[in-house]
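Undergrad: Quick one, structure for this:
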Amino acid sequence: MNGICDATTKAGKRCRAVAITGGLCALHGDPNLAAELGRKSGQVRRSKAAEYEEVELAPPRTAQDVRTALGLFMSDARAGRLEPKVASTLGYLANVLLKSMEVSDHEDRLTILESVVGTEGPKNKRKELQ
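TA: Presented below is the predicted three-dimensional model:
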């Protein structure tokens, strides 16, 4: 015995875990152990998610609303009430939302400027060039 498990993985490669008894690692030596560990892990995750009630959050309409929501996400993630993956996804979506708000604001300003100047935008310029 060289200290490495003699079993093969589902992928067909040799298991690289440390051998414990009979040349096998703990998971290959006891086939029920992997299922038990997975079950325990799932129970811990489920119980954590059920501990707090979901708060309905209105869709943010302003940059201030986004900032407030991000603050809530950060505090929930830090307190363990929100999984880091979910917090990361919400942060990414908040960034996209802020960018779309910025573009929308620029479009509104451009429309106002065009009405003051008396043009309708690129459509008129194309007609003039032809």
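Undergrad: which residues does C5 contact?
TA: With contacts taken as C-beta atoms under 8 Å, 6 or more residues apart in numbering, C5 has the following neighbours: R14, C15, R16, A17, V18, A19, G23, L24, C25, H28. Yep, even glycine has a C-beta here, placed from its N, CA and C like the rest.
Undergrad: any idea how far K85 lies from Y92?
TA: Here K85 is placed at a distance of 11 Å from Y92 (C-beta to C-beta, to the nearest Å).
Undergrad: V86 too?
TA: Distance of V86 to Y92, computed by C-beta to C-beta: 11 Å.
Undergrad: do the same with E56
TA: From E56 over to Y92 (counting by C-beta to C-beta), the distance is 21 Å.
Undergrad: Between these two, which has more neighbouring residues?
TA: The residue with the greater number of neighbours, taking E56 and Y92 and applying other C-beta atoms under 10 Å, is Y92; the counts read 10 against 5.
Undergrad: pLDDT score for the more buried one?
TA: Each residue has a pLDDT score; the one for Y92 is 96.
Undergrad: what about the helices in this structure?
TA: 26-29, 31-50, 63-79, 84-117, 122-129 (DSSP state H).
Undergrad: Now render those helices as a markdown table, adding distance to C5.
TA: A markdown table is the format used below for the helices of the chain (distance: least, C-beta to C-beta, whole Å):
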| stretch | distance to C5 |
| --- | --- |
| helix 26-29 | 6 |
| helix 31-50 | 13 |
| helix 63-79 | 37 |
| helix 84-117 | 31 |
| helix 122-129 | 67 |
